[in-house]
Structure formats: structure tokens, C-alpha cells
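>>> Have a look; sequence and predicted model below, questions after that.
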Protein chains: 2
Amino acid sequence: MTFAPLQNDTFLRACHGLATPYTPMWLMRQAGRYLPEYRDTRARAGSFMGLATNVDYATEVTLQPLERYPLDAAILFSDILTVPDAMGLGLSFALGEGPKFARTVRDEAAVRALAVPDMEKLRYVFDAVTSIRRALNGRVPLIGFSGSPWTLACYMVEGQGSDDYRLVKTLMYARPDLMHQLLAVNADAVAAYLNAQIEAGAQAVMLFDSWGGVLADGAFQEFSLAYTARVLSQLRRDHAGERIPRIVFTKGGGLWLAQMAGLDCEVLGVDWTVNLGQARQLVGDRKALQGNLDPNVLFAPPERIQAQVQSLLDSFGAPHTGPGRGATHIFNLGHGISQHTPPEHVEVLVDAVHRLSRRAVG
Amino acid sequence: MTFAPLQNDTFLRACHGLATPYTPMWLMRQAGRYLPEYRDTRARAGSFMGLATNVDYATEVTLQPLERYPLDAAILFSDILTVPDAMGLGLSFALGEGPKFARTVRDEAAVRALAVPDMEKLRYVFDAVTSIRRALNGRVPLIGFSGSPWTLACYMVEGQGSDDYRLVKTLMYARPDLMHQLLAVNADAVAAYLNAQIEAGAQAVMLFDSWGGVLADGAFQEFSLAYTARVLSQLRRDHAGERIPRIVFTKGGGLWLAQMAGLDCEVLGVDWTVNLGQARQLVGDRKALQGNLDPNVLFAPPERIQAQVQSLLDSFGAPHTGPGRGATHIFNLGHGISQHTPPEHVEVLVDAVHRLSRRAVG
């Protein structure tokens, strides 16, 4: 496979700690329900899984936000739960609700029955990666992703989203041995999954530890961070002559940032509770930082959005502009964009980030 | 009003940073649905508000957990949203659901119409405080409480619980002037409310900033912490010759603990994401620390509960045992106890905390 040469490398440069003439940006869930064209495609596909498993639809919706906004990266349109679906748990999305598994993993027999799935079952994802990469034609890099081992475990045990994570935490506190076994399988599966995305054309990969922040101190390190590290240790460092940066995002993980700075990855994503200046002091130039505007800022009028962008850029401080590695920032939201967001406010946001962060690079 | 002399002062001593022969403990939401006797009283009362507004019922359920377990404090049975109810918003609880307001505060007219309510409308709360204090007969101290100004604002704007706090944050980002006005009214109302509880017999008071942790860094300081401080500045420091300790608990506020250490209060509550040893290093002996076991630990078998208690006590380290002020710990959960908790596991917990923390005090 060969692809067109990359025209906008600001995102990848910032991932690697290299200077860029402005702060690159993309948005978590940038291809999604806030866009009317997404809702049209979704309606044609009939269901979320119909959309996510069809290469043409997945390609179409991945590119939709790039047609509207000069974003600096694309992210594969898919779901964080494809891996347990391939394990046979039966993922579905009822209209207007979150993901749901037909089968759950709550006892010893269910845990012992788990195995790394045949990656051929996830071929639709890898085909989508290649298709999107071709369609992008070198405009911006393509990010692949997966849920983290712990976040997958939450859904596998609970069967769906949860307010209190009672079932998954009960298993964890009552039978830590089983939880470790479950997480080990998840980690090896996620690593194989991300490596296959890289081989299919993903130019960066991101682990979404969406539920790491619900864990207690101590439990986070043992049941989330350790398995994120296990994934990272198995990932390809480069492909087709290019280094592949790895991003780790733990929602609610701000208190553990110093420990996350020890992970073998290039970028740490942070949510809006984190002060970017303090985070920069903690991680230095060991990691690029990605984040962290509250998505609800996008409901305010344009001048307030611009003021919040300025304030966020100020809190990070001036990124380095010299040669070699230094502290870099990738602008993003602190979590996925809301389905209720006015699309014209996203335009204001992207313009503000690019304009207000422009700088001379030596 | 005179009450019986206090027999167990370990909780109040720990609040004030004074040594105690063991780590005192109580549980957030200790009078609640996990107790069959609570469910019986609730059934007789007909509704949650019927329970909370009836002095006899409120007294009865407040004392129920103390009949079962040797807890070191009682907490008034009430709701965090009584103050906006008294403002005329119409609080109700549908069976199996959370609180709901009949009227919301989402625009300029609604904000301008708000005022500190006549405290006579909350007389049922103050009467309950006095009744409970009498019924306790000096066994343990009684804690009064309120929701924080920001947490009340969340419910007043959203009208109910929320996943994304979109409406309250939209008001905050779009019209910060209105949000400040709303919060100022809330703060003054909460201060009057807590002072009246103190005058009715509450021996400590606690502010529940249950939703402070959903705010972005910067917004937390401006819209939550500043109004917590405004409440604290108006609170009585003593009553009937006794100092009244003040506890502030921000769920998800661990990243702001250093700033919270500057509050004019005696105790900071922390949730389970916080490492107690690190928190102690941050606050020193300026504040007692309260927390922070994950309530889901109570679903594990007794030996695992005991191991988690030991681990939590170890993470705080040895509390001071000498004369005068020093670092103290009040054991609690990191949030309210789950309605699904087996009551016999609470017995294991209370016994473990008292037994494993026993020490010589010089």
C-alpha cells in the first residue's frame, strides 16, 4: 500500500514534540450527530452499527467535518467497543441510547471463556482505515483508536453504561484475579487491533480510557494504567518508514498525570478539569498534551468562545518554537463534542485556535 | 435550649485536628435505602419529601444507622435541595428517580426573581435538627448540611440531574453575570440556612459540592470555590460555647485540593480518586481530611473490605497522637453509600476502621 504524501503534518509534528507554526487541533467525536450531513448518512445506513461496519459510510462520515472545517487530523469513524463485539458479546445501539452488549462477563466461567478475537472479524475496521486514508489523499493524518482495556471491561461486565460501576467494581474488589485475567485478554486484543489499524494506514493511534477516572487511587494504577502500559509495550513504533505516535486519554485522570507521564507514549490527553500550565510543568517535554476545552463552551456566543480559547492557549503558555523536541500542545475538547453543538460555533472555534496561536517558528 | 453532654467527641476532636484514640467514622447517606428499617419508615411516610419534612420520621431514620453500628457521628436526614425548594422551585422525588424541580431558572427574568427565602419555610429542617439532637441524648454529635451554591445552581437550572450539565454550563459560559447573581443568592441563602441549623443544635456543618467536579479548571474557582468561601465567611464559628467545625466536600475536586486548603473551614472531604497521603502532604495540619473509601468496596467479601480499610489507613499514615493540633483523618466513604449495600458489610467496615486504627494517645 502506498498513500499520497502528507500535506499538513502539524498534528504529527506536535505529537512528536516538534515546533509548529500554530497549535494543531481536532475534536473528539468530530464526525458525529451535531452535523446534519452525518445524520443524513446515519439515516441511510439504518443503524449505528450499519454505519460503522460499512466501509463507504465510515469513510464518508469521517471526512464530513474536514469538508466544513480546516481541522489538522481525521479520526477513524468507529466505536470504542468493537473489540469485545468481536469477542462475541453482541454489540448494539438502540436509537437514542448508548451501547449495549447482549452477553456480559460477570463470573469465572465467562472470564475464562474470553480470548483475543480473530482479527479477521474486525476486517471492516481495517478496510475502513485504508479507505479513509485513500480518501484523505494526504490532506491530514488519520488517527486510529480503541477503548482501553479497563474501559472495555466496564462495558463487558456492566453490559452497558453505568452510573456507579457497581458490577464491574464488585468483580474487581471481590475477585481481582478474574479482573486481571479479563484485562490481560483485553490488552492483548487491543494491541493486535491497533497494530492492524497501523498496518492498514493509521498514522497515529489513541487509547480512550473513558472510564479510568471512576477508579479509586490505587485501583487505577493496578487495573487501568498497568494494562494501558501492556497495550503500549506491544504496539508498533513505526510503519512504512514513519513513526506512529500514541495518544493516551484518561477522562478524569488528572490526578494521575505524573504517573501517566511515565507511559511509553508520545501524547497525553486531558479533560477540562486539568490546568494545562500545571500539566506542562508535570510532564515537561516528555509528552505532548492534548486538550482540553469544556465542550459546553460551544454553546456560548462566538466572542465568549474566542475568549475561552485565548484563555486555554494562555494557560498552556508559549509552545516551543526552536529545533528539536520541546513542549507542544494539540488543541482538542476535554471530551467528545455534544450532539447539540451548533456547527457554526465549531467554525468559530477552529478559526480562533488557528488564528490566536499563530507564531514564528525558528 | 440545652442538650445532654456529649459522650463520644472523637469526631469533633478530629475535625479540630486533635488526637483521638482511633479514627472516627461516619458514612455519607448512612441513613438510607440500604437499611430495611429505613425502607419501612419511607413506606409509612408515603414519599421522600413526606419523610424529610416530618420531624418524627426524620428523627427516626437519622438514628437508625446508630442503632446498628457504633458510628461516631449522626447526620441530619434531609436533602441537599431544600433551599431552592424554599425559594419556590417545587422539589419532588418520583419513585426510583432523582430530585426534580417543577420550575427552572434559565433566563434573566428567572434569575432576577430569586431571593434568599424566608427561613420560616425551612422550619421543618430546624425542628428536625432539634428533635434529633434531643433523641441522640449526647451519644454522638449531629452534623447539619446543605448543598453548595454551585450544586444547587446545577439543579435549579437543569431542573434535575444531568449527564452533561449542558444547560447550567451554557448559562455560565454565555451569561456569567447571571450565573454570579444566582450564586450570590444561593450562597447567602445557604449561609442563613446553615446558621439556623447551628442555632437549632447542629454541632458541625457540611457543604456538599457534589457537582463542583464537573467544572473546568478556572470555572471551578470562579463559580464554585468562590461561593463556598462566601458561605463560609458568613457562618457562625461557635454556638452555646462550642466551636462548630465546617466540612467542605467537592466530589471530583481532588485536583483543586491545594486551593481548597485555603478555605476558612476545618475539614476537607475527598473522594476515592484522591491519595490520602498526598492530600495530607498538601494540606498539612491546616485541615482534617475526611474520606474516602470507594462505596463499591462494600460489595466485596469481609476480608477484602478489611484489607481495603487497612490500605486506606496506611495511605493516610499515622495520625498525630500528641497534644495540640496535628494531621487527623475522619474515615468515610468517597461518596454516598449505595442502596444495594449489604447492611452486614457495613458492620464489618465500622469494626475494621475502629479496630485497625486504635492507637495510644499521649
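Received the coordinates, thanks. Numbers count the residues shown, from 1 in each chain, chains lettered A, B, ... in the order given.
>>> Around chain B, pick out the residues from chain A.
Chain A comes close to chain B at residues A:164-166, A:169-170, A:173-174, A:213, A:215-220, A:252, A:254-255, A:272-275, A:292-297, A:299-301, A:304, A:308, A:311, A:315, A:334, A:338, A:340, as judged by Cβ under 8 Å from any Cβ of the partner chain. No exception for glycine: its C-beta is placed from N, CA and C like everyone else's.
>>> any idea how far chain B is from the spatially closest residue to A:Phe145 that is not a sequence neighbour?
Nearest non-adjacent residue to A:Phe145, counting by Cβ to Cβ, 6 or more residues apart in numbering or on different chains: A:Met206, 4.3 Å away. Going from A:Met206 to chain B by Cβ to the nearest Cβ, to the nearest Å gives 21 Å.
>>> How is A:Met206 assigned, secondary-structure-wise?
Look at A:Met206: counting by DSSP: H, G, I helix; E, B strand; the rest coil, its state is strand.
>>> which residue sits farthest out from the middle of chain A?
A:Ala109 (31.4 Å; Cα atoms, centre = their mean).
>>> so that residue sits in a strand?
No. Going by three-state DSSP, the assignment for A:Ala109 is helix, not a strand.
>>> what about chain A, any weak spots by pLDDT?
Across chain A, nothing is flagged by pLDDT under 70.
>>> Let's see the PyMOL selection covering just the buried ones among the residues of chain A next to chain B.
Only the buried entries of these go into this PyMOL selection, using 16 or more other Cβ atoms under 10 Å in any protein chain shown:
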select buried, chain A and resi 164+165+166+169+170+173+174+213+215+216+217+218+219+220+252+254+255+272+273+274+275+292+293+294+295+296+297+299+300+304+308+315+334+338
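>>> A:Val125 versus A:Asp256, what's the distance?
Residue A:256: Trp, not Asp. 29 Å (Cβ to Cβ, to the nearest Å).
>>> When the two are compared, which one has more neighbours?
For A:Trp256 versus A:Val125, the count of surrounding residues by other Cβ atoms under 10 Å in any protein chain shown is larger for A:Val125: 27 against 21.
>>> The more buried one - that's part of a strand, no?
No. Under three-state DSSP, A:Val125 sits outside any strand and is assigned helix.
>>> pretty sure it is touching A:Leu81, no?
No. Using Cβ atoms under 8 Å, A:Val125 is not in contact with A:Leu81, being 11.7 Å away.
>>> ranges for the strands of the stretch 1-150 of chain A?
Here the stretch 1-150 of chain A has its strands, by DSSP state E, counting those that start in this stretch, at A:74-75, A:91-93, A:99-101, A:142-147.
>>> between those, which gets nearest to B:Thr59?
strand A:99-101 (43.6 Å; Cβ to Cβ).
>>> residues making contact with that closest one?
A:79, A:81, A:84-85, A:89-94, A:155-156, A:159-161 (Cβ atoms under 8 Å, 6 or more residues apart in numbering or on different chains).
>>> Just the ones in helices from those residues, please.
Members of the contacts of strand A:99-101 lying in helices (criterion: DSSP state H): A:84, A:155-156.
>>> buried sites along stretch A:347-356?
Those would be A:348-354, for stretch A:347-356 by 16+ other Cβ under 10 Å.
>>> With secondary structure and distance to B:Gly362 added, can I get these in CSV?
Output for the buried residues of stretch A:347-356, formatted as CSV (DSSP: H, G, I helix; E, B strand; the rest coil; distance: Cβ to Cβ, whole Å):
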residue, secondary structure, distance to B:Gly362
A:Val348, helix, 64
A:Leu349, helix, 60
A:Val350, helix, 64
A:Asp351, helix, 66
A:Ala352, helix, 61
A:Val353, helix, 59
A:His354, helix, 64
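>>> For my notes, please list the residues you listed in a markdown table and give distance to A:Leu142 for each entry.
Output for the buried residues of stretch A:347-356, formatted as a markdown table (distance: Cβ to Cβ, whole Å):
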| residue | distance to A:Leu142 |
| --- | --- |
| A:Val348 | 25 |
| A:Leu349 | 21 |
| A:Val350 | 18 |
| A:Asp351 | 23 |
| A:Ala352 | 25 |
| A:Val353 | 20 |
| A:His354 | 20 |
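>>> Check chain A for its longest helix and report it.
When chain A is parsed with DSSP H, its longest helix is helix A:176-200.
>>> For A:Gln64, which non-adjacent residue is spatially closest?
Counting by Cβ to Cβ, 6+ apart, the residue nearest A:Gln64 is A:Glu37, at 5.1 Å.
>>> Verify the stated contact: the one you found with A:Thr62.
No. Assessed by Cβ under 8 Å, A:Glu37 is found out of contact with A:Thr62, at 12.0 Å.
>>> what about the residue in the stretch 1-150 of chain A positioned nearest to chain B, how many residues close to it?
Using Cβ to the nearest Cβ, the closest approach of the stretch 1-150 of chain A to chain B is made by A:Gly98 at 10.0 Å. Neighbourhood size, A:Gly98 [other Cβ under 10 Å]: 11.
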